[in-house]
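> Below is the sequence, then the predicted model.
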Amino acid sequence: AQSVAQPEDQVNVAEGNPLTVKCTYSVSGNPYLFWYVQYPNRGLQFLLKYITGDNLVKGSYGFEAEFNKSQTSFHLKKPSALVSDSALYFCAVRDMEGWGTTDSWGKLQFGAGTQVVVTP
Amino acid sequence: NAGVTQTPKFQVLKTGQSMTLQCAQDMNHNSMYWYRQDPGMGLRLIYYSASEGTTDKGEVPNGYNVSRLNKREFSLRLESAAPSQTSVYFCASSEGGGWGNQPQHFGDGTRLSIL
C-alpha cells in the first residue's frame, strides 16, 4: 500500500528566506509524485510533478522539488519566499506497481498538508 | 475558462436529509473524482469515474452514491446525511484514464455542514 507523510503541520519563514516543505513517501514500485497548493476557500492547484528522469523538477511560481529515491523524499523548495506563498501545501503520490492488481493501484494518495506562513 | 465548477458552494443540512452535489468540467477530461477534505487528514477519495459510463469506489465510499451523467458532469449524492459527513467536498478531473501522470484539476469545493 502507498502512503505519504508531511512531517510538519506548519512551516514559518520570513519573506526573502528559502522555503522548504518536506514530504516522504512509501510505495511498492515506482512513484509518481505531485505537489499541490491550496489558498483559502479555493480548490487545490497543481504546482509540479515527478514522473521519471531528472531528479530536480521545476514548477509554477518559482517552486521546485527534488526527488530522492534512497531517502524516499520529494521536498518542495523555493529559494526566496513571498508573503503570497502563504497557503496550504499538499504532497501526493501514486504507486504504479502491479498494474490494476490492487484496489489502491494508481490512485492518488495525499499527505495531510503543511501550512506555510510567510511573514513580511 | 471555468475549469471545474461545483454547486452549491455552501450547504447546511439536518441529519437524515438528502442532497446532491453537482460538478461539471469543461476541459473534455475523461476522468472525474470526488474527495472530502477534513482537517489534518488531507484529501480522501470517495468515488471516481475513470471514463464516461464507469464509476468505482474510493477510500471512503460509505454513505455516498455517484452518477456520471455524461462526460462533463459527475454528481455526488448523500442519501441520508450524518454529522460525520460534515466536510469540504472537492470535485476534480484529469485527462486520460486517471492513472497516468496527468495532474488533477480541482473545483473550489462545497462546504457542507450537517446538524
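Arrived safely.
> So which bits of chain B are right by chain A?
B:4, B:40-45, B:48, B:58-59, B:90, B:92, B:98-99, B:101, B:103-109 (CB under 8 Å from any CB of the partner chain). Where you see a C-beta, it was placed from the backbone N, CA and C, and this is true even at glycine.
> what's the spacing between stretch A:1-13 and its chain's center?
Here the centre of stretch A:1-13 is set off from its chain's centre by 9 Å, with CA atoms, centre = their mean, to the nearest Å.
> now the end-to-end length of it.
34 Å (CA to CA, to the nearest Å).
> does the spatially most central residue of chain B sit in a helix or strand, and which one?
By CA atoms, centre = their mean, chain B has its centre lying nearest to residue B:34, at 2.6 Å. Applying DSSP states H and E as the criterion places residue B:34 in strand B:31-37.
> Past the lowest-mean-pLDDT helix or strand in chain A, which element shows up next along the chain?
Every helix and strand in chain A was compared by mean pLDDT, DSSP states H and E; the lowest is strand A:108-110, with a mean of 89. From strand A:108-110 onward toward the C-terminus, using DSSP H and E, the following helix or strand is strand A:114-119.
> and that following strand, how far out from the chain's middle?
On CA atoms, centre = their mean, the centre of strand A:114-119 falls 14 Å from the chain's centre.
> cool, stretch B:85-102 as well?
The chain centre lies 8 Å from the centre of stretch B:85-102; the measure is CA atoms, centre = their mean.
> Can you check the pLDDT for residue 42?
The chain I'm using is chain A. You'll see residue A:42 listed with a pLDDT of 94.
> Correction: the question concerned chain B.
88.
> The closest residue to residue B:14 other than its chain neighbours: what's it in contact with?
Nearest residue to residue B:14, sequence neighbours excluded (CB to CB, 6 or more residues apart in numbering or on different chains): residue B:115, at 5.6 Å. Taking CB atoms under 8 Å, 6 or more residues apart in numbering or on different chains, we find residue B:115 in contact with B:12-15, B:83.
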